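> how does the following fold in three dimensions:
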Amino acid sequence: MCVQATTALTIASVLSSYQQYQVGKAQQKNAYNVQKRTNALAKENAIQRYAAEQLRIRQVLKASSQKGYQASLKARKARATFITEAGDAGGLALSGSTNALLANYYRTEGKYQTSLQNNMGINISQFERNMEAIQFGQKSQSVYEQPPNSALLFASSAMNVANTYYGLEAQKELYGYKSNRNKRNQRRQIETLRV
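So this is what the prediction gives:
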């Protein structure tokens, strides 16, 4: 009767371990799929943010370039008008005050162009920092992908079955019943006595 109970408990342990193995395998597979999807979403998010940031910097560059172009046109028209009026006033050579006024036009235009370049440099630096932040954001949203490990699950299940079997054998010995190990040892002793 004990043999049957031990066998039944061992079979139940095997079936339970098999079921746990299947559930564990499905859980690992699902977790791996979630990890892959999380990383894909982080990558898609980063790509969209990269594209938006690049569009923004292109728009800022275009607006700055347009402002510089308009400022140059305005300054050239003003200088041309001034030089034409000065030439019409009767002198081919420009006087000192006229030269000073023209120098002021050039200085003002130069300061404005320099200001545009400095602002563009600041915008580009900010753009680069934003791109680094996007990259860091993707890394922080990404997770470590751990593929399912069926061999480890199988080994764990096999160890559970072995643990159950040897636990039952130890209980048999504890209660005074003959365990399978005791029976094997007894058979070996009988066989050695026959020889």
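> hey, let's count contacts and neighbours off CA atoms from now on
Noted.
> can you name the element that comes right after the longest helix along the chain?
Looking across the chain with DSSP state H, the single longest helix is helix 2-88. Sequence-wise, the next helix or strand downstream of helix 2-88 (DSSP states H and E) is helix 96-141.
> for that following helix, name the packing helices and strands.
Helices and strands touching helix 96-141, by 3 or more C-alpha pairs under 8 Å, 6 or more residues apart in numbering; DSSP states H and E, are helix 2-88.
> and the angle for the helix it packs on with helix 96-141?
170 degrees (axes from the mean of the first three to the mean of the last three C-alpha atoms, to 10 degrees).
> relative to the whole chain's centre, how far out is helix 2-88?
8 Å (C-alpha atoms, centre = their mean, to the nearest Å).
> do the same with stretch 131-147
That offset, for stretch 131-147, works out to 2 Å (C-alpha atoms, centre = their mean).
> only the buried residues of it, if you could.
Across stretch 131-147, burial judged by 16 or more other C-alpha atoms under 10 Å covers 131, 134-135, 138, 141-142.
> same thing with stretch 146-154?
Quick answer for stretch 146-154 (16+ other C-alpha under 10 Å): 148, 150, 153-154.
> quickly note the distance from residue 13 to residue 178.
Note on residue 13: its distance to residue 178, by C-alpha to C-alpha, to the nearest Å, is 21 Å.
> tell me the mean pLDDT over stretch 42-54?
In this model, stretch 42-54 has an average pLDDT of 91.
> pull the CA atoms of it into CSV?
In CSV, the C-alpha atoms belonging to stretch 42-54 read as follows (Å, rounded to 0.1, in the frame of the first residue of the first chain):
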residue,chain,number,x,y,z
ALA,A,42,10.6,53.6,-26.6
LYS,A,43,12.4,53.5,-30.0
GLU,A,44,9.3,54.7,-31.9
ASN,A,45,8.8,57.5,-29.3
ALA,A,46,12.5,58.6,-29.7
ILE,A,47,12.2,58.6,-33.5
GLN,A,48,9.1,60.8,-33.3
ARG,A,49,10.8,63.2,-30.9
TYR,A,50,13.9,63.3,-33.1
ALA,A,51,11.8,64.1,-36.1
ALA,A,52,9.9,66.9,-34.3
GLU,A,53,13.1,68.4,-32.9
GLN,A,54,14.8,68.3,-36.3
